[in-house]
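Novice: sequence and predicted structure, then a few things I'm wondering about:
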Amino acid sequence: MSTPPIASFGRDYLAIPGPSVMPEAVLQAMHRAAPNIYAGELIDIAASLAPDLKRVARTDGHVAMYIGNGHAAWEAALANTIAPGDKVLVPATGRFAHGWGDMAEGLGAEVEILDFGKRTPMDMDRIAETLRADTAHKIKAILAVHVDTSTSIRNDISALRGVLDAVDHPALLMADCIASLGCDVFEMDAWGVDVMVAGCQKGLMVPPGMAFVFFNDKADAVRTAMPRVSRYWDWSPRANPQEFYMYWCGTAPTHHLYGLRTALDIIHGEGIEAVWKRHALLARAIWAACETWSDGGPLELNVADANNRSCAVTALRLASPNGTALRDWVEHNIGLTLGIGLGMAPPGDPAWHGFFRLGHMGHVNGHMVMGMLGGIETGFSALGIPRGQGALDAAAKVIASG
Ligand SMILES: Cc1ncc(COP(=O)(O)O)c(C=O)c1O
């Protein structure tokens, strides 16, 4: 048996863009015997979640909770608003927009994709043009991914509302905040978002398993006018339960409720605006390091303009096969796991090994980010990958200046 590398023992660090690092308090809250689902504190905990979730989403609207992942949230949002034959517009800036569009197609929707590539955000002029041409208002909804986790592009959802209003188009504005909620600034009501989908496993710091659909009265009116809505996905009883079982259309995700309650307490203890500021600061430190590295070597930030980058995830390019080599080295030798490149090249293509991603969402602070960057520097050094010098200094300066 080969001896494990000397520096590999110790606490591992999973720095992938979800599932994210979970606070010990969340894990401890979940570590308990099965609670009663017919009486007792779980009933009160469940009722307390919706208002605190809405505070994170910055909405006075409604929220329906599901047992499921992000795909479940996608399906739930569509099942309540899009009937077979209805048309949706999907402005795509990465793999996840295509994924949501594909779910819509699976439900019988007509899907029009506007593909903006993998490095720049949505082009609002092109979207305006498409909406203007839709004089019959066939487009019932725009499925917009706020932060596409594959490319780390952050789209301007508020500007999208501006476009819809400017061309006076009634389509629902639906936003995927699965990567961004609790990390990047998001204002559901102020930005005029009608439906927003999220999961619990990224900014909300809970193990995968709960999905959320936030919706306003306009979206609810669309749901009421649907020819039929599946009983399971129907958001109405979940958002307004007459009895406890209706929250989840059956047995509640008992332990997740304890975890989520604790996570929401942590988020609101820090304050959502402070959470956003922390993510922005740490992201700027990461970008400062990456920009320094890229000055003297092949590393490249996928998104050139910092204004278009997410504060939750950073996608990087590193001439194949160095992306995979770096990930493998840091995981095996120092206990640091970085994210794979996703959707940037087809699996099986040698180019696939030229990408990786950093997750910096949720329960992440300054020393963790410095540790991750130090780990990458160490991997570069071990593999002899050329790079600009002073990346850690650059990151430290950002965090030090707060
Ligand atoms: C932006 C975005 N949308 C949707 C999904 C799909 O979520 P899940 O894998 O939990 O089904 C993900 C997952 O990473 C995501 O990042």
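Specialist: Looks like it came in fine. Residues are numbered from 1 along each chain as shown.
Novice: ok but Ala211 is inside a strand, no?
Specialist: Yes: Ala211 sits within a strand when classified using DSSP: H, G, I helix; E, B strand; the rest coil.
Novice: isn't it right up against Val63?
Specialist: No: using CB atoms under 8 Å, Ala211 makes no contact with Val63, being 10.7 Å away. The way it works is simple: take the backbone N, C-alpha and C, and place the C-beta from them, glycine included.
Novice: the more surrounded of the two?
Specialist: Between Ala211 and Val63, counted using other CB atoms under 10 Å, Ala211 has the larger neighbour count: 25 against 22.
Novice: ok, the more buried one to Ile385 distance?
Specialist: From Ala211 across to Ile385, the span is 39 Å (CB to CB, to the nearest Å).
Novice: same thing with Thr324?
Specialist: Distance from Thr324 to Ile385, by CB to CB: 12 Å.
Novice: swap in Gly271?
Specialist: 40 Å.
Novice: starting at the chain centroid, how far to stretch 338-354?
Specialist: 20 Å (CA atoms, centre = their mean, to the nearest Å).
Novice: cool, stretch 276-288 as well?
Specialist: 16 Å.
Novice: buried set for that stretch?
Specialist: Trp276, Arg278, His279, Leu281, Leu282, Ala283, Arg284, Ala285, Ile286, Trp287, Ala288 (16 or more other CB atoms under 10 Å).
Novice: the more surrounded of Gly271 and Ile385?
Specialist: Shown here are Gly271 and Ile385; by other CB under 10 Å, Ile385 has more neighbours (19 against 11).
Novice: just give me the neighbour total for the residue in the chain that the ligand sits nearest to.
Specialist: Among the residues of the chain, Gly70 lies closest to the ligand, at 2.1 Å counting by CB to the nearest ligand atom. As a burial measure, Gly70 scores 24 neighbours (other CB under 10 Å).
Novice: also Ser150?
Specialist: Ser150, neighbours per other CB under 10 Å, totals 28.
Novice: repeat for Gly388
Specialist: Gly388 has 16 nearby residues by other CB under 10 Å.
Novice: ok so it is a strand residue?
Specialist: No: per three-state DSSP, Gly388 lies outside any strand segment and is coil.
Novice: rewinding a little: wait, doesn't the residue of the chain closest to the ligand sit right on Ile178?
Specialist: Yes: here Gly70 lies in contact with Ile178, judged by CB under 8 Å, at a distance of 4.3 Å.
Novice: name the residues contacting each of those two.
Specialist: Common contact partners of Gly70 and Ile178 (CB atoms under 8 Å, 6 or more residues apart in numbering): Val197, Ala198, Gly199.
Novice: wait, what's in contact with the nearest residue to the last one once chain neighbours are set aside?
Specialist: So the one you mean is Gly199. Of all residues not flanking Gly199 in the chain, Gly70 sits nearest, at 4.5 Å (CB to CB, 6 or more residues apart in numbering). The contact partners of Gly70, by CB under 8 Å, 6+ apart, come to Asp176, Ile178, Val197, Ala198, Gly199, Ala211.
Novice: mark which of the shared contacts of Gly70 and Ile178 are part of strands, please.
Specialist: Val197, Ala198, Gly199 (DSSP state E).
Novice: so for the second one, what's the pLDDT?
Specialist: In this model, Ala198 is scored at 98, pLDDT.
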